[in-house]
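Colleague: Mind folding the following:
(one chain, ligands or ions: 3)
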Amino acid sequence: MNDIQTSKTLFNAGDLIMEQGTIGDCAYIIESGEVEIFIDHPDGTEQKIATRGEGTIIGEMALIDQKRRTASVRALKICSLIKITETEFQQRLSTSDSIVEMITKVILNRYRDTISRIEVFGEGKTFPPAEEAERQLTQSGKAVEHLKTANEFKHAIKNKELELYYQPIIDLETKNIKGFEALMRWNHPEKGFMPPNLFIPIAEDSGLILEATDWAIEEACNALSRMKAAVDHLHNSAFMSVNFTAIDMLHPDFLSKLKAISQKTNVIPSNIKIEMTERLLMNNPEKVKAMLNACRDEGFHIAIDDFGTGYSSLSYLHHYPISSIKIDRSFVVQMTRDKSALNLVKGIINLAKSLDMSLIAEGVEEDHEEALLLKSNCEMAQGYKYSRPLPEPQLIEFLKTYQN
Ligand code: C2E
Ligand code: CA
Ligand code: CA
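Modeller: Ligands and ions are numbered 1, 2, ... in the order given. Okay, the predicted model is just below:
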């Protein structure tokens, strides 16, 4: 995110910087100089309430709500001020965590309420109902729903509400099953089936993803062994792909936990594929590189998920020990309609091949998508055309009758 754009403003001694009662649209950081803050009383008198100097901030309440200034500010010396506009701050707040946004607004609401209570103290007047404003603040954003879901997710693992579905990944040429991707499902006791795009980001924000991922790798590895035991034609080299978030992968125990699960479940590291997004590489290049090298040294395979959606350059790929690239479904769809998208996919495939990486096309639904991918030398595919993600028992049935 860009830094808040700032502009410097100079005020001379005696200049009024902010006026009580006007709608504020900015705050200032005092870079140098000194100001006084005062309240204008109805009888025309001024009451000084504070002075502020270098390094402090004035007018910050206007950044959070669009109410009137509660005091005036005047320069006592020449002041150089750095402006933060309300528009810039609001943009930041609205794209920040919904809980941060809610709490920030509630704190300001409480503060304003306290000021109005002090003002009317002893005068027998009524004051604005802070409680109602607070209720509106907590109900208007996504924070409460988010917190509730995070709280419920805590119990989901313990209560066995999480389940893994598996989607086969096939060899485009031979149609043999090469492996599976484990995809998490949450059977919520009241809301029913919850899609991962809804609960994974919440599990990430709350840190609960760590526990869920630990459960998922172990369960997926055990399922792979069970599937190999149940289905004769499933090759010993069939792999299990598991999705990992940045929180999982940047955790100091990531590799040691992965190794321990591989040993415990008797699934060799080369049959475990770590799926991660390119965004994680771009945001933490050096840290991730060291960690991926360590994973590769232990024999684990690494796949870049949703490739092409992260605005990254292909050129960085050779810096990392990546074994597969997963071409995002959006490219698979576009390439059948648009020649330049097809050329892009061909470019990705050729580059990946030259770097000795395998390719998996995601979300293949149609025969003509498959045909184009085959013609472009893509090796593997996954999608509804072959199978939707299935729970283990259904997948075993599917595999038993599967014909290439
Ligand atoms: P993803 O890793 O890109 O997973 C592929 C998604 O595409 C899955 O959605 C899958 O059901 C869907 N898909 C597969 N074939 C087709 C097709 O032919 N057409 C269409 N339209 N879709 C297809 P799903 O299961 O809803 O998962 C969504 C995302 O949630 C995943 O995207 C992944 O980012 C995340 N996710 C799922 N399970 C886990 C997990 O265990 N851990 C983590 N960290 N993330 C997970
Ligand atoms: Ca994936
Ligand atoms: Ca994907």
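Colleague: Low-confidence regions, the stretch 1-150 of the chain specifically.
Modeller: Low-confidence segments of the stretch 1-150 of the chain, defined by pLDDT under 70: 1-8, 119-129.
Colleague: Which single residue of it ends up nearest ligand 2?
Modeller: The stretch 1-150 of the chain approaches ligand 2 most closely through Thr149 (21.5 Å), counting by Cβ to the ion. From N, CA and C alone the C-beta is placed, and that goes for glycine too.
Colleague: again, but for the stretch 101-250 of the chain
Modeller: For the stretch 101-250 of the chain, Cβ to the ion, closest residue to ligand 2: Asn243, 4.6 Å.
Colleague: you'd agree that residue is up against Ala182?
Modeller: Yes - the criterion here is Cβ atoms under 8 Å, and Asn243 meets it with Ala182 at 7.4 Å.
Colleague: Spit out the contact partners of Leu342.
Modeller: For Leu342, the contact set (Cβ atoms under 8 Å, 6 or more residues apart in numbering) comprises 335-336, 372, 376.
Colleague: about what we covered before: quick one: secondary structure of the residue nearest to the residue of the stretch 101-250 of the chain closest to ligand 2 when sequence neighbours are not counted?
Modeller: Using Cβ to Cβ, 6 or more residues apart in numbering and skipping residues adjacent in sequence, the residue nearest Asn243 is Glu275, 4.8 Å away. What DSSP: H, G, I helix; E, B strand; the rest coil gives for Glu275 is strand.
Colleague: what's around Glu275, how many residues?
Modeller: 19 (other Cβ atoms under 10 Å).
Colleague: hang on, it packs against Phe180?
Modeller: No - look at Glu275 against Phe180 with Cβ under 8 Å: they stay out of range, at 11.5 Å.
Colleague: Spit out the residues that contact the two alike.
Modeller: Ser241.
Colleague: and the residue nearest to Asn243, what are its bridge partners?
Modeller: Asn243, Ala303 (DSSP bridges).
Colleague: tell me the contacts of it?
Modeller: Glu275 neighbours (Cβ under 8 Å, 6+ apart): 181, 241-244, 303, 305, 326.
Colleague: Buried ones among these?
Modeller: 181, 241-244, 303, 305, 326 (16 or more other Cβ atoms under 10 Å).
Colleague: and ligand 3, which of these reach it?
Modeller: Filtering the buried ones among the contacts of Glu275 for proximity to ligand 3 (criterion: Cβ under 5 Å from the ion) leaves Asp305.
Colleague: Using a markdown table, please lay out the buried ones among the contacts of Glu275 together with pLDDT and distance to Lys259.
Modeller: Shown next, in a markdown table, are these (pLDDT from 0 to 100; distance: Cβ to Cβ, whole Å):
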| residue | pLDDT | distance to Lys259 |
| --- | --- | --- |
| Glu181 | 98 | 21 |
| Ser241 | 98 | 18 |
| Val242 | 98 | 14 |
| Asn243 | 98 | 19 |
| Phe244 | 97 | 15 |
| Ala303 | 97 | 19 |
| Asp305 | 94 | 22 |
| Lys326 | 95 | 24 |
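Colleague: for the buried ones among the contacts of Glu275, which one is nearest ligand 3?
Modeller: Among those, and counting by Cβ to the ion, the member closest to ligand 3 is Asp305, at 4.3 Å.
Colleague: any idea how far that closest one lies from ligand 1?
Modeller: 5 Å (Cβ to the nearest ligand atom, to the nearest Å).
Colleague: Which parts of the stretch 301-404 of the chain are helices?
Modeller: 329-335, 339-354, 367-375, 392-400 (DSSP state H, counting those that start in this stretch).
Colleague: and this protein, which residues reach ligand 3?
Modeller: Near ligand 3, when you scan the chain using Cβ under 5 Å from the ion, you find 305-306, 362.
Colleague: quick one: which of those sit in strands?
Modeller: Within the residues of the chain next to ligand 3, residues falling in strands by DSSP state E are 305-306.
Colleague: closest to Arg296 among the residues of the chain next to ligand 3?
Modeller: Arg296 has its nearest neighbour among the residues of the chain next to ligand 3 in Asp305, at 17.0 Å by Cβ to Cβ.
Colleague: who's in contact with the closest one?
Modeller: 243, 275-278, 326.
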